[in-house]
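**Q** sequence-free structure coming up:
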């Protein structure tokens, strides 16, 4: 083999090696870009969930405080203007929870959306009973004990759901395990 042929073979081998090296580098770069995109998406998803859960818990807390205030007002002075305002504040806080439930439903996961809906349902039962007893106790104040017992039971149920939601949120927001 003469020197010219050896140079051509060496050049072809060099070009082939460079091409293979370039393909390997391009594939590694694509894989790195994909992994970065996955990491950024997980971060975005965790932040979106965090925001949705915080909004929901804030609205749930506002509803709980409004229902507690309305419960006291209904029991003490069912026909007063202050009671009407407290009942309306309770209804408003319950309605405002709906938007937060929708945020949780979008952010996911399904378990969290289910817990948010269950909490919304429980809040609506509380609001409905505040309205019902506001009218009833104006007519029959002797049913106050019944009202307090029912509201206590309903608030316990809502508090249980809130605790489940908080535990679920902690699980949903924790970073994925790397093991």
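**A** Structure received. Because the structure is predicted, anything quoted here is derived from the model rather than measured. Numbering: from 1, shown residues only.

**Q** If we ignore the residues flanking it in sequence, what's nearest residue 136?
**A** Spatially, and ignoring its direct neighbours in sequence, residue 136 is nearest to residue 143 (6.1 Å; Cβ to Cβ, 6 or more residues apart in numbering). Quick note: C-beta positions are derived from backbone N, CA and C, even for glycine.

**Q** same question, residue 120
**A** Counting by Cβ to Cβ, 6+ apart, the nearest residue to residue 120 once its immediate chain neighbours are dropped is residue 101, at 4.9 Å.

**Q** what does residue 131 give?
**A** Nearest residue to residue 131, sequence neighbours excluded (Cβ to Cβ, 6+ apart): residue 87, at 6.1 Å.

**Q** Please report how far that neighbour lies from residue 97.
**A** As defined by Cβ to Cβ, to the nearest Å, residue 87 lies at a distance of 16 Å from residue 97.

**Q** before we move on, what about residue 20?
**A** 60 Å.

**Q** With neighbour numbers in mind, choose between these two.
**A** Counted by other Cβ atoms under 10 Å, residue 20 and residue 97 do not tie: residue 97 has more neighbours, with 22 against 10.

**Q** Tell me the helix or strand right after the helix or strand containing the more buried one.
**A** Taking DSSP states H and E as the definition, residue 97 sits inside helix 81-107. Later in the chain than helix 81-107, the nearest helix or strand by DSSP H and E is helix 110-139.

**Q** Run the angle between that next one and helix 81-107 for me.
**A** With axes from the mean of the first three to the mean of the last three Cα atoms, to 10 degrees applied, the angle from helix 110-139 to helix 81-107 works out at 170 degrees.

**Q** what comes up buried for helix 110-139?
**A** Within helix 110-139, the residues that qualify as buried are 112-113, 115-120, 122-124, 126-127, 129-131, 133-134, 136-137, counting by 16 or more other Cβ atoms under 10 Å.

**Q** go on, stretch 50-70?
**A** Going by neighbour count (16+ other Cβ under 10 Å), the buried part of stretch 50-70 is 52-53, 55-57, 59-60, 62-64, 66-67, 69-70.
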